[in-house]
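# Got a sequence here, can you model it:
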Amino acid sequence: MSSNDIFLAVYLGGGKTGARMEAWNAMPEAERRAREQQGMAAWGAWVEKHQDVIVEMGGPLGKTKKIGPNGIADIANLMTGFTVVRAASHEAAAKLFESHPHFTIFPGEAVEIMPVLPIPGR
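Residues are numbered from 1 along each chain as shown. The predicted structure is shown next:
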């Protein structure tokens, strides 16, 4: 596989006020903790199943700063984490994340997959 076979998976959440997060936070604490344990076990199983194609495990993302022509500002976005994988195609990379614990157990909204393209001129 070439560098064209590398894909960035970005985990998205609905933010602190998203419906899925509100439902998660409304759960009784014992139930939420049990779901967290179930989710971490399922995530670990997903990693073990796909360890041969995970290029960079990545991890959760913290607060965001936006830097542009007008300086630096604190902002919020929907990105909650990332993983980098290797796959034969964009479709194959996407299929790795079907039924992922990020949104089947945890209150995540979705996972977006995009190819990491070669740097032009290299």
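# Check the protein for me, the residue farthest from its geometric middle.
Distance to the chain centre peaks in the chain at G121, reaching 29.9 Å (criterion: C-alpha atoms, centre = their mean).
# ok, that residue - contacts?
Neighbour list for G121: empty [criterion: C-beta atoms under 8 Å, 6 or more residues apart in numbering]. Heads up, the C-betas are built off the backbone N, CA and C, glycines and all.
# Okay, and it sits in which element?
Under the criterion DSSP states H and E, no helix or strand holds G121.
# Local confidence estimate at it?
G121 is assigned a pLDDT of 86 by the prediction.
# What's the separation between it and A45?
41 Å (C-beta to C-beta, to the nearest Å).
# ditto for E98
14 Å.
# Repeat that for R20.
22 Å.
# More neighbours: these two, which one.
Shown here are R20 and A45; by other C-beta atoms under 10 Å, R20 has more neighbours (15 against 11).
# Quick one: list the elements packing against the one helix or strand in the chain whose mean pLDDT sits lowest.
The weakest-scoring helix or strand in the chain, judged by mean pLDDT, DSSP states H and E, is helix 19-26 (a mean of 90). Secondary-structure packing of helix 19-26 (3 or more C-beta pairs under 8 Å, 6 or more residues apart in numbering; DSSP states H and E): helix 29-50.
# Next, the contact list for K66, please.
72-75.
# which residues touch A73?
By C-beta under 8 Å, 6+ apart, the neighbours of A73 are 65-66.
# So what's the predicted local confidence for the residue nearest to R35 when sequence neighbours are not counted?
Leaving aside its sequence neighbours, R35 sits nearest to I105 (C-beta to C-beta, 6 or more residues apart in numbering; 6.1 Å). We have a pLDDT of 94 for I105.
# wait, isn't I105 in contact with G39?
Yes - counting by C-beta atoms under 8 Å, G39 is a contact partner of I105 at 3.9 Å.
# picking up where we left off before, so how far is I6 from the residue farthest from the centre of the chain?
Taken as C-beta to C-beta, the span from G121 to I6 is 18 Å.
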